[in-house]
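Asker: with the input below, show me the fold.
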Amino acid sequence: MCRLAAYLGPETSLKHIVFDTNHSLEKQAWQPKELRETKLNADGFGFAWYNDNGQTGRYRQTLPIWSDANLHDFCSSLHRSLWLCYVRSATPGIATSLENTQPFIYQSWQFMHNGYINDFKNNIRAKIRQLLPADIENLIEGTTDSEYLFALIIYFFNQHGEMKKAVIETFKQLKKWLGKERALLNILLSDGVQIIATSHAINGECPSLYYGKDIEGFPRHSQLIASERLNDDSHWKKIDAHNIITLRPGKLMECSQL
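Answerer: Alright, predicted model coming up:
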């Protein structure tokens, strides 16, 4: 289980999301309020953004987020209109390494996952590998269920050409494979224009996920998604279980059931 946060709106400092609020992502790493199955997110962290030319940028570390002495200066120096941010609590048995640290990137798509897939090593990993063509399978660098989940989404995206449909097809396929096993499937995806997020689980209770628009302290017309509220503003709304939402600049949040 991990903690996620995403931002879409006028340019803002990464530091504002990671450090400046009273329940910032950094604080959620060591004092989360709604983390059910672990106590800390101390197994690495990462951020992703898009440069002025639309290319993806990424910073990852295997240290706990509070241990990186350079992070305050780094976060203060970057201002972007879209951020994906992540702190990791590693699933037991899956190594802490840079290759296993999110966000993951494929072409223009950035991806983060909060949750896990039960029976991954003994069953689901092999089923995913059997389905993937070699060009997608060869992109997998690490050993996490999250990266394999992303690869499966990309497989369906290449088939259908539409990311929301690819996510839905991925979850349907996992449900067939899992039987009575459990998967927690809160994900965030972005192509630099939109953010797609899910609050979902199979045979289990969805991890917490919140949406905020025009949250106090953030630029006007900005939108946020986070595993936990970043501050005490009353405009935060909990995303209902088994929903997929899409955020686009200057538009209302789109929400539908999975």
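Asker: just for the stretch 1-150 of the chain, where's the confidence low?
Answerer: Scanning the stretch 1-150 of the chain for pLDDT under 70 picks out no residues.
Asker: ranges for the helices of it?
Answerer: Secondary structure of the stretch 1-150 of the chain (DSSP state H, counting those that start in this stretch): helices at 14-15, 25-30, 71-77, 125-131, 134-137, 145-160.
Asker: what's the most buried one of the ones you listed?
Answerer: Neighbour counts (mean count of other C-beta atoms under 10 Å) averaged over each of these peak at helix 25-30, with a mean of 23. In short, each C-beta sits where N, CA and C put it, glycine included.
Asker: dump that one to CSV, restricted to CA.
Answerer: Extracted in CSV, the C-alpha atoms of helix 25-30 (Å, rounded to 0.1, in the frame of the first residue of the first chain):
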residue,chain,number,x,y,z
LEU,A,25,2.6,13.8,0.9
GLU,A,26,5.8,13.8,3.0
LYS,A,27,3.7,13.7,6.2
GLN,A,28,1.5,10.9,4.8
ALA,A,29,4.7,8.9,4.4
TRP,A,30,5.3,8.8,8.1
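Asker: Gln55 is nearest to which of the helices of the stretch 1-150 of the chain?
Answerer: Closest approach to Gln55 among the helices of the stretch 1-150 of the chain is made by helix 14-15 (17.0 Å; C-beta to C-beta).
Asker: and for Gly204, the neighbour number?
Answerer: Around Gly204 sit 15 other residues, with neighbours defined as other C-beta atoms under 10 Å.
Asker: what sits closest to it if chain neighbours are left out?
Answerer: Arg182 (4.2 Å; C-beta to C-beta, 6 or more residues apart in numbering).
Asker: next one: Ile225
Answerer: Ala6 is the one closest to Ile225 (C-beta to C-beta, 6+ apart), at 4.5 Å.
Asker: return the residues in contact with Ile215.
Answerer: Going by C-beta atoms under 8 Å, 6 or more residues apart in numbering, Ile215 touches 222, 224, 230-231, 233, 235-236.
Asker: any idea of the pLDDT on it?
Answerer: At Ile215, the predicted lDDT confidence score is 97.
Asker: buried residues in stretch 31-48?
Answerer: The neighbour-count check on stretch 31-48 (16 or more other C-beta atoms under 10 Å) flags 32, 35, 41-48 as buried.
Asker: just the ones of those residues in strands?
Answerer: Taking DSSP state E, the ones among the buried residues of stretch 31-48 that sit in strands are 45-48.
Asker: wait, a strand at Ile168?
Answerer: No: using DSSP: H, G, I helix; E, B strand; the rest coil, the secondary structure at Ile168 is helix, not a strand.
Asker: so Gln257 sits against Asn243, correct?
Answerer: Yes: proximity of Gln257 to Asn243 meets the contact threshold set by C-beta atoms under 8 Å, at 5.9 Å.
Asker: so which of the two has more stuff around it?
Answerer: Higher neighbour count among Gln257 and Asn243: Asn243, with 17 against 9, using other C-beta under 10 Å.
Asker: residue contacts, the most centrally placed residue in the chain?
Answerer: The centre of the chain sits closest to Met112, judged by C-alpha atoms, centre = their mean, with a distance of 2.7 Å. By C-beta under 8 Å, 6+ apart, the contact set of Met112 is 2, 4, 6, 48, 84, 86, 102-104, 146, 187-188.
Asker: which one is Gly46 nearest to, not counting chain neighbours?
Answerer: Arg60 (3.9 Å).
Asker: ditto for Asp191
Answerer: Spatially, and ignoring its direct neighbours in sequence, Asp191 is nearest to Ser108 (4.9 Å; C-beta to C-beta, 6+ apart).
Asker: isn't that neighbour right up against Gly57?
Answerer: No: with contact defined as C-beta under 8 Å, Ser108 does not reach Gly57; the gap is 12.0 Å.
Asker: now the nearest residue to Ile94 once chain neighbours are set aside: phi and psi?
Answerer: Spatial nearest neighbour of Ile94, excluding adjacent residues (C-beta to C-beta, 6+ apart): Thr144 at 5.4 Å. Phi and psi for Thr144, reported as degrees, to the nearest 10, are phi -80, psi 150.
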